[in-house]
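Participant: 3D, please:
(chains A and B)
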Amino acid sequence: MKNIKSIWRKNRLPYYFITPVVVLILLVIFLPIIYALWLSTQKTDFTTPIGFIGLHNYINIFTDPDINFFNSLKSSLQFVVGSLAITVPFALILAVLLNKNIKYKAFFRSIFVLPWVISQVAAALIWSWLYNTNYGPLTYLLQVLGFKAIKFLGDPNYAMISVIFTNVWRTYPFAMILMLAALQSIPEELVEASRVDGANSLQIFFRVKLPLIQNVIMNIFILLSLLYFNTVTVILILTEGGPLNSTYVLALKTFKESFFYWKFSTGVTLGIIIFIINILISLLYIKILGRESDI
Amino acid sequence: MRKFNNIIFIFSMICLVLFLSVGVSAKTTLTYWTFLDPTDPGPRSQVQNTLIQNFEKEHPEIDVNIEVQQWDKIATQLIIAANSKRGPDLVRIFEPTLMEVVNGNAIASLNEYIGQITETEKEKYTIPWEATVVNGEKYGFYWDSRVRNLWYRKDLLEKVGLNIPEDLPKTLDELAMIAQKVQTETEVVTGIFVPVSVKVSSSTAETFLPLLYGAGGKILNEDGTAAFNSEAGVKVAEWIHSLVYKYKAMPEDSPSMSYEDMYQAFLGGSAAFIISGSHRAAEARYDSGLGDNIQTMPIPSFDDAHPSPAWASGWILVIGKHSENKKEAYELLKYMTSKEAQLLSVKVAGEMPSRVDILDDPWFSKSEAKEMASWLEYLNDYPLMLRVPDDWKYLTDCLAEGLEKIILTDITAMEALNQAAEKYNRY
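Facilitator: You can find the predicted model right below:
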């Protein structure tokens, strides 16, 4: 105890400096969560709480056929898993290619990063025109290749995959940059040593490089999963949850219930549920990450 | 001595700052929310700019700061701002959102500013005075009035041998047949666009409602429950379905298109008919350079004896609940709805006026006013006045979802509208 007191006396100055920032961050992060938790137990009139109703909002969300929670959850999972399944391998391939000593490497790196700097609204508007069945260039391309026109955003069977592709196009640069940085940090001696041992390029990639960057890939999975689960803008502009609720993901439902229909307490409750799901996803990945590290 | 000089210096600086603060705060800055971008060269934005400049000249003690908001998000933003006890001074809200912002406690009553108004003065407005009165409180004044018309491309109709105006459609079935004719005889053209999507639920409802009332139906019962799942509603829904599947005059993936997609397609010559508002006609001609090739007419109904009614609506100028400059904001509101301002808007922007006492201006007897006169006549002869509920967005989403089902699935119109009505009634 005496030791701690004397250490504190000697080293307290840095803590005085960081305390205000820590307090601010706690206020900005935790206070809204606590308020949201409280609001989820209230009935609201527009944005004003008007009475305590306990867990009624939570029960309502899981049982009300108009809220259709499980359909939205299914859509969210389709969106997340579908986007990850394309983004991560695609970004990895690009990162590997950009890691090679090719001509105009800097130019290609700049080009491939461009979708990331375009705003979600602009990206969604661009793609909504690309997908237009009557006037869009994609339809023209399909017809030139001898295929029938596809109702990309007008057919419930195709709308989700169309939205996923737009999302992948916008977010792959983020994963690509992180993977590229990870690949570049691999010591060249390890690669040389593998080559000397007789490994070919594929073996070097799968047996040497990939294991070394797997932690980065896992972190990308976590970050992208959270990003995709909370995506609203792109889907709102492309389909607004349609057609026939085929792309009505949970995050969009939260937004619409809160700010379109003014069922604020329902929206807040959905937000809490999404928050819990996000934590569970993160914990799952961390557990997998931990297991991989042990190995 | 040095210390004394420092004290004098600091005291002088404080006095100077206080003096400047008083000087600066003597001028009032009004925040005006509108969807019209002042940098847009279009006629409506330019009229707005001119009016603001003129107002500032007449009131040198007032500055107006325009903040551009997305047109369909103004009400939402206003309610959110009001919830944090903040917000703009003057706002332009879309008429169907009036009850939403009133019940969301986001706008101020104007009763203390308008004083005693005689019945004669109330009658000088195009849309009845009572349209913006809720529970005895006057909440706003219309900036403009407008009707939904059927727009057509004169050049495309003439291309398929139709004489204008003799061969123009007198009923909805004739409209469908003409749209089909244009679709089949000009390869790249879509006959007609009618919004049928949750993505554009407000436009969907604005198109559906005149047709519904024209067929003898109504949107809601007296008790607030859905009434659009009537025989009339089914008839309209089946007509929309026939545009896609019987006449093949509208694409199957119309539910994926935004209203802006359809509007641009019309301007681009890829559609012969569209239902749109009178307020955009001048802008459409300006944007496209098509001039008189864009024409408007009353929306037909199923009966050739009368068109569908003209839903009277428009943008309403209101004052923010937490505005600190309500008196000055009311001055701006009064100016924007003055005879002078309304005449400018009519002549330059082609928007229908919100007051009828300007109709004695000589401009209205000119040939260029003919179309405006026809819209006013349409509104006068077949008015549809609706007080939409504060859950307008939910109502229109339910309706649009039902219409989407009719296009995209095998469900019957009656089933789809019944499902939509039940969903709305459970809200």
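
Participant: now do the strands in the chain.
Facilitator: If you meant another chain, say so; for now it's chain A. In chain A, the strands defined using DSSP state E lie at A:42-45, A:48-52.

Participant: not what I meant, chain B
Facilitator: Per DSSP E, chain B carries strands over the ranges B:28-34, B:62-68, B:90-94, B:133-134, B:137-138, B:141-142, B:148-153, B:190-193, B:271-277, B:294-297, B:310-311, B:315-319, B:383-384.

Participant: which of these sits closest to B:Glu331?
Facilitator: Of all the strands of chain B, it is strand B:62-68 that lies closest to B:Glu331, at 7.3 Å by C-beta to C-beta. (Glycine included, C-beta is placed from N, CA and C.)

Participant: could you name the helices and strands sitting against the closest one?
Facilitator: On a contact count with 3 or more C-beta pairs under 8 Å, 6 or more residues apart in numbering or on different chains; DSSP states H and E, strand B:62-68 meets strand B:28-34, helix B:43-58, helix B:326-336.

Participant: state the number of residues packed around B:Lys154.
Facilitator: Neighbours of B:Lys154 under the rule other C-beta atoms under 10 Å in any protein chain shown: 18.

Participant: what sits against it?
Facilitator: B:Lys154 makes contact with B:Ile164, B:Asp292, B:Asn293, B:Ile294, B:Gln295, according to C-beta atoms under 8 Å, 6 or more residues apart in numbering or on different chains.

Participant: these two touch, right, the last one and B:Leu156?
Facilitator: Put plainly, it is B:Gln295. No: the pair B:Gln295 / B:Leu156 is not scored as a contact, 10.9 Å apart, by C-beta atoms under 8 Å.

Participant: circling back to that earlier point, would you turn the helices and strands packed on strand B:62-68 into JSON lines with mean neighbour count?
Facilitator: As requested, the helices and strands packed on strand B:62-68 are arranged in JSON lines below (neighbours: other C-beta atoms under 10 Å in any protein chain shown):
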{"stretch": "strand B:28-34", "mean neighbour count": "20"}
{"stretch": "helix B:43-58", "mean neighbour count": "17"}
{"stretch": "helix B:326-336", "mean neighbour count": "20"}
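
Participant: for A:Phe30, find the nearest of those.
Facilitator: Between A:Phe30 and the helices and strands packed on strand B:62-68, the tightest spacing by C-beta to C-beta is seen for strand B:28-34, at 32.7 Å.

Participant: out of the strands of chain B, the one nearest A:Asn132 is which?
Facilitator: Of the strands of chain B, nearest to A:Asn132 by C-beta to C-beta is strand B:190-193, at 11.6 Å.

Participant: so does the closest one get close to chain A?
Facilitator: Yes: Strand B:190-193 reaches chain A (C-beta under 8 Å from any C-beta of the partner chain) through B:Thr190.

Participant: what's that strand in contact with?
Facilitator: Here strand B:190-193 has contacts from A:134, B:175-176, B:178-183, B:243, B:247, B:249-251, B:254, B:257, B:262, B:265-266, B:270-275, using C-beta under 8 Å, 6+ apart.

Participant: nearest to chain A, out of the helices and strands packed on strand B:62-68?
Facilitator: Chain A lies closest to strand B:28-34 among the helices and strands packed on strand B:62-68, at 16.5 Å (C-beta to the nearest C-beta).

Participant: how is chain B divided into domains?
Facilitator: By the assignment in automatic domain parsing, chain B contains the domains B:26-139+B:315-353, B:148-312+B:387-426.

Participant: which ones are touching the residue nearest to B:Gln48 when sequence neighbours are not counted?
Facilitator: If you skip the residues right next to it in sequence, B:Gln48 has B:Leu36 as its closest partner in space, 5.0 Å away by C-beta to C-beta, 6 or more residues apart in numbering or on different chains. Residues near B:Leu36 by C-beta under 8 Å, 6+ apart: B:Arg44, B:Ser45, B:Gln48, B:Val68, B:Arg92.
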